[in-house]
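Chemist: return a 3D structure for these sequence lines:
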Amino acid sequence: MEIRKVHKEAVWQLRHEVMWPDRGLDYVKLDDDDDGVHYGLFEGEQLVSAVSLFIDGSEAQFRKFATRTEQQGQGYGSRLLQHVLNEAERSGVNRIYCNARSHKAAFYKKFGLSEVSGTAFTKGGKEYIIMEKLFGSAGVSSRKEP
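Modeler: Residues are numbered from 1 along each chain as shown. Model (predicted):
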């Protein structure tokens, strides 16, 4: 198993197969894919899981996180997500977030992400929530004890 940076074109097919198989390939391409860092987890030469990381100043967003359906539940996605969270923290961002499918919230909570209240929305007939993780001083409450 190996995680490495890949070109955007390498992730498009996996995004399409896993996330939106009923839509055209262009539906999974992002306007800002050129600005992202795309990571792939490989088993041999097969791309098993992919995610794209977009850093903007002190914030980062991971998008289009997909693992081959037949290989879900085997730890591939967990390994890749932990890698991307580590990369984001190393880059110095204070916050990372994602638009998570609502039924996957428990998965993201295992990695320290929490739901941002009042952020539920629907896209393409699927329910989403925004989940985030704070790093460094952003993750420490500034509230003083009495």
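
Chemist: show the average pLDDT along the helix or strand harbouring residue 38.
Modeler: Element membership for residue 38 (DSSP states H and E) is strand 37-43. When pLDDT is averaged along strand 37-43, the result is 95.

Chemist: centre of the chain to it, how far?
Modeler: Centroid separation between strand 37-43 and its chain, computed with C-alpha atoms, centre = their mean, to the nearest Å, is 12 Å.

Chemist: low-confidence bits of this structure, can you list those?
Modeler: Applying pLDDT under 70 to the chain flags the ranges 137-146.

Chemist: all strands of it, in order?
Modeler: Taking DSSP state E, the strands of the chain run over residues 2-6, 37-43, 46-56, 59-67, 95-101, 114-115, 121-123, 126-134.

Chemist: pairing partners for the spatially most central residue of the chain in the sheet, please.
Modeler: In the chain, the centroid-proximal residue (C-alpha atoms, centre = their mean) is residue 62; its distance is 3.6 Å. Residue 62 forms beta bridges with residue 53, as assigned by DSSP bridges.

Chemist: got it, and residue 46?
Modeler: In beta-bridge terms (that is, DSSP bridges), residue 46 pairs with residue 43.

Chemist: what's the spacing between it and residue 59?
Modeler: For residue 46, the distance to residue 59 (C-beta to C-beta, to the nearest Å) stands at 32 Å. Where you see a C-beta, it was placed from the backbone N, CA and C, and this is true even at glycine.

Chemist: OK, contacts around the residue nearest to the centre of the chain?
Modeler: By C-beta atoms under 8 Å, 6 or more residues apart in numbering, residue 62 lies in contact with 51, 52, 53, 54, 81, 84, 88, 96, 98.

Chemist: so the first one is in contact with residue 82, correct?
Modeler: Spelled out, that is residue 51. No: judged on C-beta atoms under 8 Å, residue 51 makes no contact with residue 82 at a distance of 11.0 Å.

Chemist: and the lengthiest helix in the chain, what does it pack onto?
Modeler: Determined from DSSP state H, the single longest helix within the chain is helix 76-90. Using 3 or more C-beta pairs under 8 Å, 6 or more residues apart in numbering; DSSP states H and E, the elements in contact with helix 76-90 are strand 2-6, strand 37-43, strand 46-56, strand 59-67, strand 95-101.
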